[in-house]
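Peer 1: show me how the following folds:
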Amino acid sequence: MTPGKSTPSSEKQIKPLHKGAGHRKRLREKFLRSGLDGFLDYEVIELLLTFGTPRRDCKDAAKAALKKFKTLQGVFEASSEELCEIDDIGPTNPIGILLIKAVADRYLEKRLLKKNPLNNSKDLYDFLYLSIGEKQRECFQVVFLNAKNKVISTETLFQGTLTASAVYPREVVNAALRNNASAIIFAHNHPSGDPEPSQEDIAITRQLIFACRVMGITVHEHLIIGEKKYFSFADKGYIAQMNREFERQ
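Peer 2: Purely as a prediction, here's the structure:
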């Protein structure tokens, strides 16, 4: 054996840590010390990507995801297929991003279950905003309530285009009956960010109230979710007015 010309096989198998190992360790330690305080949005995404990317630097991929989807919320709303279109993100890499969104949805939904959302409007808005507030297409969601106004379940019944969703009163009533609901709350998002109702929003709310009243189902609210704000049909008097219209017929 000539000195300097060969290496023991055991030494050949030793691979140096990738250059991002120290950085991801610092990210995790920073989070454990103080949560997300001081984190930039791309660093949040980077940290989540590390859970599905064991031995590769994730900074560039995180920045690319934020650039593509514009906001942190946009990244969370992206599908697995959309995330995988980004360089350096493969089929298993988005697991952290997808998981955190699913866990947040489940957590807020569980906070609502068995509660009276009429007395927990903040929990209701928090759930609805996280669930549909950042969607790029209109989504129509229903919160089903029992006779004591406690939440039974929630369901997104319709998803539409960039500007509108087709809402069918018959399907809403069928869903309420299927959930044994005595009352319901409607909500939909405006991707534009402006929660002010259109004439179509007012018209479909009237149709839904009438259809539900015929079946003995009470409509308590219709919320339009915008950019960090909402419009309440109940607060503005629309629900009471439409119920009076029904009673006069």
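Peer 1: which ones are touching the residue positioned nearest the centre of the chain?
Peer 2: Note on the chain: the residue nearest the mean C-alpha position is Ser131, at 3.3 Å, using C-alpha atoms, centre = their mean. The neighbourhood of Ser131, defined by C-beta atoms under 8 Å, 6 or more residues apart in numbering, consists of 105, 108-109, 141, 154, 156. To be clear about C-beta, it is placed using only N, CA and C from the backbone, and glycine gets the same treatment.
Peer 1: buried subset of those?
Peer 2: 108-109, 141, 154 (16 or more other C-beta atoms under 10 Å).
Peer 1: need these in CSV (columns: secondary structure, distance to Gly74 and pLDDT).
Peer 2: Shown next, in CSV, are those (DSSP: H, G, I helix; E, B strand; the rest coil; distance: C-beta to C-beta, whole Å; pLDDT from 0 to 100):
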residue, secondary structure, distance to Gly74, pLDDT
Leu108, helix, 19, 76
Glu109, helix, 22, 76
Gln141, strand, 19, 92
Thr154, strand, 23, 88
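Peer 1: and the residues you listed, which is closest to Gln199?
Peer 2: Gln141 (21.2 Å; C-beta to C-beta).
Peer 1: so how far is Glu46 from the closest one?
Peer 2: Per C-beta to C-beta, to the nearest Å, Gln141 is found 31 Å from Glu46.
Peer 1: swap in Ile100?
Peer 2: Ile100 is 13 Å from Glu46, by C-beta to C-beta.
Peer 1: can you list residues touching both of those two?
Peer 2: Between them, Ile100 and Glu46 share no contacting residue, judged by C-beta under 8 Å, 6+ apart.
Peer 1: more crowded one of these two?
Peer 2: Glu46 (26 against 15; other C-beta atoms under 10 Å).
Peer 1: shaky segments in this structure?
Peer 2: 1-21, 120, 161-164 (pLDDT under 70).
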